[in-house]
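Peer 1: Fold the following and give me the result.
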Amino acid sequence: MALRLIGRAATAALVVVALSMVCFGLLAAAPGDPAASVLEARSGGRPPAPAAVAELRAEMGLDDPPPVRYWRWASDALRGDLGTSYMSGRPVTETLGDTVPWTLLLTAASVLLSFTAALAVGLVAALTRRAWLRRGIDLLLFVMGGMPGFVIALLLLYVFAAATHLMPSGGVSRPGEDVTAYGLLAHLVLPACALAFGHHFGIYVRLVENGVGRLKDAPHVENARVRGLPRRTVVARHLMRPGLVPFTARLGVGVGTLIAGVYATEVIFSWPGMGREAISAARAQDYPLLIAIVLVTGLIVIAANLVAELIVAALDPRVRTGLTDAV
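Peer 2: Numbering: from 1, shown residues only. Next up, the predicted model:
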C-alpha cells in the first residue's frame, strides 16, 4: 500500500506538471495583452499609450518566448514563489493563503452534507416498502436533476434570505462584525446546500439505492437475518459496507464537478474563496494568479480521488487485495 501511495503521488506530480504546461500554453495563446489590461485598469479604463505598454511588457517578461517564460515560472514555483499578481501587486501565495482555506471549508462542508443526505435518502429508497415514498423520492430527484447548480443557489438565496430573512445572504459575517463560529456557520448553510444538492446529488442517491438494493436479498444478508442479528447490524455490516463502494468511488470523482460549481456559488453568495479571484484574474488576464488557482484546483481534485480510493479499499477487501497484488 505504501508503494501504491508513492506511485499515486508520482502520478499526481506528473499531472500537475502537465496541467501547468497546458494552462500556461493556453494563456500564452489567448488574445489580448496583459500589460495593456493592467494599465487600462490602473487608469480607470483609459486606453494606455503604446510606449507604456511596451515598457510594462518588458518589465513583466512578456516579450520572452513562452518556453522561456514557463521555465522561469516553473523554477520559481519549485522554490515556493508563484509570482506576483499583475493587478494587485501582491504575491500570489498571499492571495492563495487568504482564499484557499475558505474554498476548502465550503467544499468540505458541501461534500459532508451531500454524503450524509445522499446516504440517508438512498438507504430509505432502497429499503422502504412504501411505494408512495419511493415515488416521492423519484420525483424529488427528477426535479433537482433538471436544475443547474446556480439556479438552486439563486432559489435558496431568494427563499431563505431575500423573502423570509431566515438566513444571511452572503459573506462570512455581518458587515462591520468580526467572524464568529456561530455567524460563520449561519453564513455557510446556504452556499453549502446549494453545492450539496446540485445535479450530482441525484447520482449519489441512485448509487446508494442501487448498491444497497442489489444486496438486500443476497444469500449472506438472508443468512444474517436468519441468525437473528439486529436489523441495524445487518444494514451496517452486510448492506452498507459493500453497497457503498460505487457511491464512494463516484464521490471522489464528483469533487471535481463540485469544484467546478464552487466558484459560481462563491460569487453568488459573496464567499471570500478562490471563485471571485479566479473570475477577476480571468477578466484581467492576471496569468500568475490564474495559473496558481488552476493548479490548486487540480491538487484538490487529485487529493479527493486519492482519499476516495483509500476509502474504497477500506470498504472492499477485494480492492485492497488487488492493490496489494498489484504492488
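Peer 1: Counting neighbours, what do you get for residue 110?
Peer 2: 24 (other Cβ atoms under 10 Å). In short, each C-beta sits where N, CA and C put it, glycine included.
Peer 1: Within the helices and strands, which one has it?
Peer 2: Using DSSP states H and E, residue 110 sits within helix 92-127.
Peer 1: Tell me the buried residues in that helix?
Peer 2: 92, 95-96, 99-100, 102-103, 105-107, 109-111, 113-115, 117-119, 121-126 (16 or more other Cβ atoms under 10 Å).
Peer 1: Quick one: the strands in the stretch 1-150 of the chain, in order.
Peer 2: Taking DSSP state E, counting those that start in this stretch to define them, one finds no strands in the stretch 1-150 of the chain.
Peer 1: Output the below-cut-off pLDDT ranges for it.
Peer 2: For the stretch 1-150 of the chain, the stretches with pLDDT under 70 are 1-2, 4-5.
Peer 1: And the helices in it, which stretches?
Peer 2: 2-29, 34-42, 50-60, 66-78, 92-127, 131-145, 149-157 (DSSP state H, counting those that start in this stretch).
Peer 1: contacts for the third one?
Peer 2: Think helix 50-60. The contact list for helix 50-60 (Cβ atoms under 8 Å, 6 or more residues apart in numbering) reads 33, 34, 35, 36, 38, 39, 63, 86.
Peer 1: So for residue 73, what's the nearest residue that isn't a sequence neighbour?
Peer 2: Among residues not flanking residue 73 along the chain, residue 83 sits closest, at 6.5 Å (Cβ to Cβ, 6 or more residues apart in numbering).
Peer 1: which residues does that neighbour contact?
Peer 2: Each residue near residue 83 by Cβ under 8 Å, 6+ apart is listed here: 73, 76, 91, 92, 288, 292.
Peer 1: gap between it and residue 136?
Peer 2: Per Cβ to Cβ, to the nearest Å, residue 83 is found 53 Å from residue 136.
Peer 1: Same question for residue 123.
Peer 2: For residue 123 relative to residue 136 (Cβ to Cβ), the value is 15 Å.
Peer 1: quick one: contacts for the closest residue to residue 80 other than its chain neighbours?
Peer 2: Take residue 80 and drop its neighbours on the chain: the residue closest to it by Cβ to Cβ, 6+ apart is residue 93, 7.0 Å away. Going by Cβ under 8 Å, 6+ apart, residue 93 touches 80, 81, 82, 292.
Peer 1: Is there a quick ChimeraX command that grabs whichever of these are buried?
Peer 2: Here is the ChimeraX command that selects the buried residues among the contacts of residue 93 (16+ other Cβ under 10 Å):
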select :82,292
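Peer 1: The contacts of residue 93 into JSON lines, with extra columns for distance to residue 258?
Peer 2: As requested, the contacts of residue 93 are exported to JSON lines (distance: Cβ to Cβ, whole Å):
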{"residue": "80", "distance to residue 258": "28"}
{"residue": "81", "distance to residue 258": "30"}
{"residue": "82", "distance to residue 258": "24"}
{"residue": "292", "distance to residue 258": "20"}
